[in-house]
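Asks: this one's structure only:
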């Protein structure tokens, strides 16, 4: 896939050259329909994306209906000649004041990826879908730094995904379509056979896991069995992987199998609040993994167990009393 960040950095470097007097810098990203061009405004280094619409413009009502927010402008431009294209119209998505360049690069990268991969939808529908998702993202507050607990939880989920990809190298990576943790699902992974909840333990002596509410371990017809995948983490300054390291590993493996699912993975990370280059300092090493089957006899609190009027109860489970429910890790993978 085309990496916009590298393209923009190269154009900025060329614009910054003392002998270069260009006002704008352009770089062709794709040579097949739709032809897409990256641009840099030499005055302020604002990022731009030119999307070729052909020789016929979109209707004015279409342009007005596109989702927008502060720091984003969208224009329709006509160019008599732009590279080898003559008399073509372009939809130009521009960075404006109040939008940091690195975040805007993420918006444009996401749009570029969808325009390349979403070939079954119209260009208009694809652009609306991308812009609307980002508008909602910014309305919710944008990127927010993950707490230590959230970081460890996401690391554990990615560790499981990474292990699954290694154990089943010949299978489509549908594990990402079953990942519900980033979308605030009741359980982290929901397959056709059972659910899977990832737990991380940083204090090996305590050996306890936290259950977030009385519904998390509830069995239903849709989720008739739940497994707990417990990662025992050790934090280190010199050994292990950072959150960004494991994100990069998983993304590389997914891209080799399916660029569509790799894009889905990136958007799920966005839902989780993950932002690249922010999580490189803390290293984690997975000392061991234990798997437990949380069946109807597993120690748990359910809604029916609580007095009337009490809800949203979180509690801890001491796994030293749950050895009867422990399952073989390799046999568990074969079931998933």
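Replies: Arrived safely. None of the values given here were measured: they were computed from a predicted structure.

Asks: could you pull out the helices for the stretch 201-336 of the chain?
Replies: 243-257, 259-271, 329-335 (DSSP state H, counting those that start in this stretch).

Asks: reformat those helices as a markdown table; add distance to residue 94, mean neighbour count and mean pLDDT.
Replies: Where you see a C-beta, it was placed from the backbone N, CA and C, and this is true even at glycine. Converted to a markdown table, these look like this (distance: least, CB to CB, whole Å; neighbours: other CB atoms under 10 Å; pLDDT from 0 to 100):
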| stretch | distance to residue 94 | mean neighbour count | mean pLDDT |
| --- | --- | --- | --- |
| helix 243-257 | 28 | 17 | 96 |
| helix 259-271 | 21 | 18 | 92 |
| helix 329-335 | 48 | 12 | 84 |
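
Asks: export the ones you listed as a markdown table, with columns for distance to residue 198.
Replies: As requested, the helices of the stretch 201-336 of the chain are exported to a markdown table (distance: least, CB to CB, whole Å):
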| stretch | distance to residue 198 |
| --- | --- |
| helix 243-257 | 13 |
| helix 259-271 | 14 |
| helix 329-335 | 13 |
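
Asks: so which of these comes closest to residue 95?
Replies: Minimum separation from residue 95 across those (CB to CB) falls at helix 259-271, 18.3 Å.

Asks: next, the angle from that closest one to helix 243-257.
Replies: 160 degrees (axes from the mean of the first three to the mean of the last three CA atoms, to 10 degrees).

Asks: between the helices of the stretch 201-336 of the chain, which gets nearest to residue 84?
Replies: That would be helix 259-271 among the helices of the stretch 201-336 of the chain, by CB to CB, at 26.6 Å.

Asks: how distant is that closest one from the center of its chain?
Replies: Distance, stretch centre to chain centre, for helix 259-271: 4 Å (CA atoms, centre = their mean, to the nearest Å).

Asks: so what touches it?
Replies: With contact meaning CB atoms under 8 Å, 6 or more residues apart in numbering, helix 259-271 is reached by 1, 106, 110, 113-114, 117, 133, 137, 172-174, 176-177, 179, 182-183, 247, 250-251, 254-255.

Asks: what are the boundaries of the strands in the stretch 51-200 of the chain?
Replies: Secondary structure of the stretch 51-200 of the chain (DSSP state E, counting those that start in this stretch): strands at 72-82, 85-95, 189-190, 195-201.

Asks: highest average neighbour count across the ones you listed?
Replies: strand 195-201 (a mean of 23; mean count of other CB atoms under 10 Å).

Asks: what's next to that strand, contact-wise?
Replies: 152-153, 155-157, 160, 181, 186-190, 207-210, 216-217, 223, 225-233, 294, 336.

Asks: thinking again about what came up before, PyMOL command to pick out the buried ones of the contacts of helix 259-271?
Replies: Remark: buried members of the contacts of helix 259-271, expressed as a PyMOL selection using 16 or more other CB atoms under 10 Å:
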select buried, resi 106+110+113+114+117+133+137+173+176+179+182+247+250+251+254+255
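
Asks: where helices are concerned, which of the contacts of helix 259-271 count?
Replies: Counting by DSSP state H, the part of the contacts of helix 259-271 found in helices is 106, 110, 113, 114, 117, 133, 137, 247, 250, 251, 254, 255.

Asks: and these as TSV, adding distance to residue 88?
Replies: What follows is the ones in helices among the contacts of helix 259-271, written out as TSV (distance: CB to CB, whole Å):
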residue	distance to residue 88
106	27
110	24
113	23
114	21
117	23
133	28
137	31
247	38
250	39
251	34
254	34
255	31
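
Asks: mind showing which ranges of the stretch 201-336 of the chain have poor pLDDT?
Replies: 336 (pLDDT under 70).

Asks: ok, which stretches of it are strands?
Replies: 208-211, 226-236, 283-293, 315-318, 326-327.

Asks: looking at the helices of the stretch 201-336 of the chain, which is nearest to residue 32?
Replies: It is, among the helices of the stretch 201-336 of the chain and with distance given as CB to CB, helix 259-271, at 14.9 Å.
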